Structure formats: structure tokens, C-alpha cells
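> Structure here, sequence nowhere to be found:
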């Protein structure tokens, strides 16, 4: 398991290669990469600024990944989240999961993202031509998180 909070960009190809290295039993690699988009809530966006207490976020993310590994047959997982000022089209987050089979890899990757969006304590400030504003948690992220029941499958 790799959990990292960083300002630097990451290479998707390098992260996938690291997940697969020395693992000939890997049958599925599922990844998600989030990027800064130029529009949010009908407002043009020029940049996104992310802040956090790295140790607190790393602990939260480790717990989320550990939960995913208990629910599904996950061989390995990586979560990288960037902080600082990120311009439009910049990569924000990478989640990669390996498993024997695609079903477990897809479910675990989605689970990790759903919980990351609601449980990881990041502060997000959006920059636009109208100025800067702090973003609140979105109800759709809470709904995505709540669809997972205790059995590990979607409700």
C-alpha cells in the first residue's frame, strides 16, 4: 500500500508499473485520476488550491484503503493526492488498485474514491475571474459514500 500527499505531479504510467512490479498474479489494474476542470457550479475556474494536514490525511486514507482491502481481494493499492495550487487540467488525485479479477479492483477503486471525497480532511479553494471561494462538501459525494453497505457491496 502506498499513500502519499505531495505538491509534485505524478506519472500514471510509473504508478501502474510500481503496482504491478513483481506481481505476476495481477489480473486487473483499475485506476482513477482526477483533474482540475475549468468549470464548476456554472462558474469558470482558473485554479484549485488544496490544503490539509498531511499526517491526518495519510492516516485517514490508510484506513480507507485498509477497509477496501478487507472487503475485496485487493493485492495492492496506491493513493496519491496533490496539495497546493493546481491549474486547470492538472492532475489532483490518483487511485490505483490491483487484484486477481476486475470486479474486486473496480469496486475497491470506486469505494476508495467515494470515501476519500467525504472522509479525507482537505480544504479546497477555487479560483476564478470572480475571485476565490472555499468549497463546501457536495451532497452527491455524501450520497455516493452512503451507497456502500457493511457487506462491502453497493446497496
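Received, thanks. Note that this is a predicted model, so its numbers are computed, not measured. Residues are numbered from 1 along each chain as shown.
> quick one: contacts for the most far-flung residue of the chain relative to its centre?
What lies farthest from the middle of the chain is residue 130; by Cα atoms, centre = their mean that is 28.1 Å. By Cβ atoms under 8 Å, 6 or more residues apart in numbering, the residues touching residue 130 are residue 43. Just so you know, the C-beta spots here come from the backbone N, C-alpha and C atoms, and that holds for glycine as well.
> Now do it against residue 45, distance only.
10 Å (Cβ to Cβ, to the nearest Å).
> Tell me which stretches of the chain form strands.
2-6, 28-35, 39-40, 43-44, 47-51, 74-82, 84-87, 91-99, 123-128, 131-134 (DSSP state E).
> In a markdown table: those strands, plus distance to residue 64.
Output for those, formatted as a markdown table (distance: least, Cβ to Cβ, whole Å):
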| stretch | distance to residue 64 |
| --- | --- |
| strand 2-6 | 9 |
| strand 28-35 | 13 |
| strand 39-40 | 24 |
| strand 43-44 | 30 |
| strand 47-51 | 17 |
| strand 74-82 | 8 |
| strand 84-87 | 22 |
| strand 91-99 | 10 |
| strand 123-128 | 18 |
| strand 131-134 | 23 |
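> For residue 144, which of those is the nearest?
Closest approach to residue 144 among the strands of the chain (Cβ to Cβ): strand 28-35, 12.7 Å.
> Just checking the distance from that closest one to the centre of its chain.
9 Å (Cα atoms, centre = their mean, to the nearest Å).
> before we move on, what about stretch 86-103?
The answer for stretch 86-103 is 6 Å, by Cα atoms, centre = their mean.
> Pull out the buried residues from it.
86, 91, 92, 93, 94, 95, 96, 97, 98, 99 (16 or more other Cβ atoms under 10 Å).
> likewise stretch 106-121?
In stretch 106-121, counting by 16+ other Cβ under 10 Å, buried: 107-118, 120.
> got it, and stretch 10-19?
Those would be 10, 15, 16, 19, for stretch 10-19 by 16+ other Cβ under 10 Å.
> and for the helix or strand bottoming out on mean pLDDT in the chain, what are the contacting residues?
Sorting the helices and strands of the chain by mean pLDDT, DSSP states H and E puts helix 139-146 at the bottom, at a mean of 75. Residues outside helix 139-146 that contact it (Cβ under 8 Å, 6+ apart): 114, 115, 117, 118, 119.
> right, and out of those residues, which lies closest to residue 29?
Looking across the contacts of helix 139-146 and measuring by Cβ to Cβ, the closest to residue 29 is residue 114, at 19.3 Å.
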